[in-house]
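**Q** structure for the following, please:
(one chain, ligands or ions: 1)
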Amino acid sequence: MSFTKKIIVSMILGILIGVTFNLTSLIESSLGTYVTNLLDLVSYLFLSSLKLIIVPLIFFSIVCGIVSLSDDVSISRLGIKTLLLYTITTVIAISLGLLFSSFINYEPIEMKNLDSVINIENIETDGNIFPNNIFKSLSDGNIIHLLIFAVLIGISAARIKNRIKTFIQYFYDFNDVINELVKLIISFTPIAVFCILAKTFSTQGIETIMSLAGYFFTVVFVLLFHFLFTFSILIKLFTALNPVKFFQNLKDVVIFTFSTSSSSASIPFTLKAAEEKYGIDKSIGTFTVPLGATINMDGTAIMQGCATFFLASLYGIDLGINEIITIVITATIASIGTAGIPSAGIIMLTVIFTQIGIPLEGITLLLGVDRLLDMMRTSVNVSGDLCISCIIASSENKINEEVFNSRTL
Ligand code: ASP
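**A** Sure thing, here's the model as predicted:
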């Protein structure tokens, strides 16, 4: 069986077993506790190993990428283009969220208590965009700081690359070792996907989704719309690539990110796909993918737009043109500031709600369905990173079209 098929089978089995556990209350028996603990352990080990390699993976691949960057690619041009495209797609995503939500007539529902559910510890408090102590940034896992540091080291090394050949060779060798480790960890994906999904679906009841059906299905619809239409239009407009192939190559990445609900934890997997499935040159992918995983969150922006509209309606708050502009601006900033970890997007909603004057208790309402929405929006977040990476790579002539076109369903 191919790797993709294995992942799909484990995904289906994970969901089926999770739902069965939930519906039959098996989860409350001693067997249920034993199985949940086991699922928890495997999920934890897998996600931790992925997070473990993020820092060295990004550092070595960016430095090697920049050193190997041919003189025709300017790193500042690459940076500006990437940031611009990431921001534009985020603004499109929020606008779609608000637009489609405005067609829905929401009925008020009962409010619960906020304190029990929101985990404030998850909020990233370090507002400094530029690093001043790289060791602290590394231990905090601050990806933006790491990116800036790696780019600076890469540029400096590239300037004297003829003098430091042995040093550069060491970097390439380290890079190879890390890539080997990535392959090893990723080979466990089918088992991990099964455990993560079985665990999630055994704890999320179907009835939670039903009570918030309107909001839930609006978000799902807009996510799908953005995924299918915005990304194909962008690929069609800015590249000579075939959008259908773009989606075909995305299959594994979507399933993987659906299971992890974390753009950051998915970086190793996404990078591998960028290179091996899309034919994106390493020198481009190692820059655009980790940056996108950190700041480009189209799916999160869609959820934030829909959630703001939904709760504003429930609380009877009128959204005029001023409020809409405020939402688009704050949601763009909030989604950029959202960490690529599970549930970070819903916590960042507090920023938008404070601006618009929506009571924060409203967030508790959304939490019941947020785990499932998180899985879907993370897939859209990472697909957006790959879409922009293809556009950038194609504009720099750094995409191997033979590799891009080589997959079939
Ligand atoms: N889980 C999302 C991600 O990692 C962030 C979010 O909660 O929206 O991309």
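
**Q** which residues are in contact with residue 242?
**A** By Cβ atoms under 8 Å, 6 or more residues apart in numbering, the residues touching residue 242 are residue 405. All C-beta atoms are positioned from the backbone trio N, CA, C, and that covers glycine.

**Q** distance of it relative to the ligand?
**A** 27 Å (Cβ to the nearest ligand atom, to the nearest Å).

**Q** residue 268 now?
**A** According to Cβ to the nearest ligand atom, residue 268 stands 14 Å off from the ligand.

**Q** what does residue 87 give?
**A** From residue 87 to the ligand the distance is 16 Å (Cβ to the nearest ligand atom).

**Q** can you check residue 8 too?
**A** Residue 8 sits 22 Å away from the ligand, going by Cβ to the nearest ligand atom.

**Q** so what's that residue closest to, chain neighbours aside?
**A** residue 255 (6.7 Å; Cβ to Cβ, 6 or more residues apart in numbering).

**Q** sec struct for the one you found, please.
**A** Per DSSP: H, G, I helix; E, B strand; the rest coil, the local secondary structure of residue 255 is helix.

**Q** how much space between it and residue 349?
**A** 27 Å (Cβ to Cβ, to the nearest Å).

**Q** have a look at these two and say which one is more surrounded.
**A** Neighbours were tallied for residue 255 and for residue 349 using other Cβ atoms under 10 Å; the higher tally belongs to residue 349 (25 against 20).

**Q** enumerate every residue touching the residue in the stretch 251-400 of the chain that the ligand sits nearest to.
**A** Nearest residue of the stretch 251-400 of the chain to the ligand, counting by Cβ to the nearest ligand atom: residue 345, 2.4 Å away. The contact partners of residue 345, by Cβ under 8 Å, 6+ apart, come to 297, 300, 303-304, 335, 338, 374, 377.

**Q** okay, now the unreliable bits of the protein?
**A** For the chain, the stretches flagged by pLDDT under 70 are 4, 69-73, 107-128, 204-211, 368, 407-409.

**Q** longest helix anywhere in it?
**A** helix 30-68 (DSSP state H).

**Q** the helix or strand that that helix is followed by - contacts with which helices or strands?
**A** Remark: after helix 30-68, the chain's next helix or strand is helix 75-101, criterion DSSP states H and E. Contact partners of helix 75-101 among helices and strands, from 3 or more Cβ pairs under 8 Å, 6 or more residues apart in numbering; DSSP states H and E: helix 143-159, helix 213-225, helix 282-295, helix 298-314, helix 321-337, helix 362-395.

**Q** the third one near the ligand anywhere?
**A** No - on the criterion Cβ under 6 Å from any ligand atom, helix 282-295 is out of touch with the ligand, staying 7.2 Å away.

**Q** that older thread, in whichever strand or helix holds the residue of the stretch 251-400 of the chain closest to the ligand, what's buried?
**A** Following DSSP H and E, the helix or strand that holds residue 345 is helix 344-356. For helix 344-356, the neighbour count (16 or more other Cβ atoms under 10 Å) marks 344-353, 355-356 as buried.

**Q** restrict it to CA atoms and write it as PDB.
**A** Written as PDB, here are the backbone C-alpha positions of helix 344-356 (Å, rounded to 0.1, in the frame of the first residue of the first chain):
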ATOM      1  CA  ALA A 344      -4.300  29.500  19.000                       C
ATOM      2  CA  GLY A 345      -6.700  31.100  16.500                       C
ATOM      3  CA  ILE A 346      -9.700  31.100  18.900                       C
ATOM      4  CA  ILE A 347      -7.600  32.700  21.700                       C
ATOM      5  CA  MET A 348      -6.500  35.500  19.300                       C
ATOM      6  CA  LEU A 349     -10.200  36.200  18.800                       C
ATOM      7  CA  THR A 350     -10.000  38.100  22.100                       C
ATOM      8  CA  VAL A 351      -8.000  40.800  20.200                       C
ATOM      9  CA  ILE A 352     -10.800  41.400  17.700                       C
ATOM     10  CA  PHE A 353     -13.600  41.100  20.200                       C
ATOM     11  CA  THR A 354     -12.000  43.700  22.400                       C
ATOM     12  CA  GLN A 355     -11.800  46.100  19.400                       C
ATOM     13  CA  ILE A 356     -15.400  45.600  18.400                       C
END
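
**Q** off-centre distance for it?
**A** 18 Å (Cα atoms, centre = their mean, to the nearest Å).

**Q** which residues sit in contact with the residue nearest to residue 385 when sequence neighbours are not counted?
**A** Leaving out its chain neighbours, the residue that sits closest to residue 385 by Cβ to Cβ, 6+ apart is residue 292, at 3.0 Å. Residue 292 makes contacts with 82, 86, 263, 382, 384-386, 388-389, as judged by Cβ under 8 Å, 6+ apart.

**Q** now residue 292: how far from residue 363?
**A** From residue 292 across to residue 363, the span is 26 Å (Cβ to Cβ).

**Q** what does residue 92 give?
**A** 25 Å.
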